[in-house]
Structure formats: C-alpha cells, structure tokens
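Colleague: Let's see this in three dimensions:
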Amino acid sequence: MTARPHRERGFVAIELAAGVALLIFPVALLVSSLPGWFDRQSLARQAARDAARAVVLDGTCRPDVASAAAARITRGGGLEPGDVSVELACEPGRALDRDSVVTATVTVDMPAVAVPLVGSVSAWRWTATHREPVDPYTSRP
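Modeller: Residues are numbered from 1 along each chain as shown. Next up is the predicted model:
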C-alpha cells in the first residue's frame with residue numbers, strides 16, 4: 001500500500017490580505033512620509049538663515065522682521081503659518097552691536113504620517129538654528 005500525499009490547505013486570500021495590511025501598507029506610508037520630512041527640515045534651515053540675515057541687515061533686533069522673512073520661505077514651501085514658529089536670541093527693539101551675532105531659531109511641525117490626498121498627523125517638532133554675524137565695520141547713525 002502506498003501512502004497518499006498529505007494535502008496542504010491554506011488560506012491564501014487571508015494571508016495575502018494580512019501581509020498587505022501588516023507589512024506593505026505601513027512601509028508604504030513611511031516611505032511616502034520621508035520626502036515631506038526632508039522638505040520641512042530644508043525649509044526650516046532656509047527660514048532660519050533668512051530670518052537671521054534680515055535682522056542683521058535691518059540693524060535692530062526686530063522679531064517681526066525675522067517672522068516676515070521666515071514666512072516668505074515657509075509660505076513658498078507650502079507650510080501653514082501655524083506650523084512654524086520663529087525666535088530670536090537678542091533683546092527686541094535694541095540696535096545690534098558691531099561684531100555681535102544674531103541667532104534665529106525656526107521650529108516646524110513634522111507630520112508623523114502623511115497620506116496623499118487624505119492629510120497628515122503632526123507628531124513632533126523639528127528645530128533649525130542659524131547664527132549670523134553682524135558686520136564689524138558697519139556704520140551706525
């Protein structure tokens with residue numbers, strides 16, 4: 001008597017659906033979120049540079065000048081005003097001393113997951129800082 005081969009029974013449809021739901025879909029969401037993270041980091045760096053330079057060129061520590069410079073960059077990059085905050089490390093309204101340094105800090109909200117055509121969920125904040133020197137040979141009135 002010969003032994004009959006044992007038939008394997010499986011649930012291919014269930015295994016496929018579980019594999020897609022538990023492995024492929026989360027990885028696809030992560031991969032689709034990466035470009036947005038890098039884009040926001042780049043926008044924060046550029047906004048910090050422009051904010052510090054605008055204040056140095058103005059000659060007075062003015063947070064409104066820094067915020068306006070940062071807003072031009074972030075608005076051009078598609079960020080909402082509520083997703084960005086700008087801080088200066090100087091005394092507001094005070095004239096900048098020669099050969100001093102202005103530090104601008106820009107913080108942006110980073111989306112944890114960004115699903116195209118659906119939306120995103122904010123998870124953490126990312127901060128970029130730029131230090132801009134004041135011209136040591138500039139003249140003051």
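Colleague: His130 falls within a helix, correct?
Modeller: No - read with DSSP: H, G, I helix; E, B strand; the rest coil, His130 is strand and lies in no helix.
Colleague: what sits against it?
Modeller: The neighbours of His130, taking CB atoms under 8 Å, 6 or more residues apart in numbering as the test, are Arg45, Ala48, Arg49, Ala51, Ala52, Thr103, Ala104. Backbone N, C-alpha and C define where each C-beta goes, glycine included.
Colleague: Please look at the last one and Leu88 and confirm they touch.
Modeller: Yes - if you go by CB atoms under 8 Å, Ala104 and Leu88 touch, sitting 5.8 Å apart.
Colleague: Between those two, which is the more surrounded one?
Modeller: Ala104 (29 against 19; other CB atoms under 10 Å).
Colleague: Can you list phi and psi of the more buried one for me?
Modeller: For Ala104, the backbone dihedrals are phi -110, psi 130 (criterion: degrees, to the nearest 10).
Colleague: before we move on, back to that, and for Ala104 and Leu88, which residues touch both?
Modeller: Ala51, Val55, Ala66.
Colleague: Neighbours of Arg62, how many?
Modeller: Residues contacting Arg62 under the criterion other CB under 10 Å number 17.
Colleague: Now do it, the pLDDT please.
Modeller: The model reports Arg62 with a pLDDT of 95.
Colleague: In space, what's closest to it - neighbours in sequence excluded?
Modeller: Spatial nearest neighbour of Arg62, excluding adjacent residues (CB to CB, 6 or more residues apart in numbering): Val55 at 6.4 Å.
Colleague: Can you name the next helix or strand after the helix or strand hosting that neighbour?
Modeller: For Val55, the element it lies in under DSSP states H and E is helix 25-58. Of the helices and strands lying after helix 25-58 in sequence (DSSP H and E), the nearest is helix 63-76.
Colleague: follow-up on the earlier one: now the shared contacts of Ala104 and Leu88 in JSON lines, please, with extra columns for distance to Val12.
Modeller: Output for the shared contacts of Ala104 and Leu88, formatted as JSON lines (distance: CB to CB, whole Å):
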{"residue": "Ala51", "distance to Val12": "57"}
{"residue": "Val55", "distance to Val12": "64"}
{"residue": "Ala66", "distance to Val12": "60"}
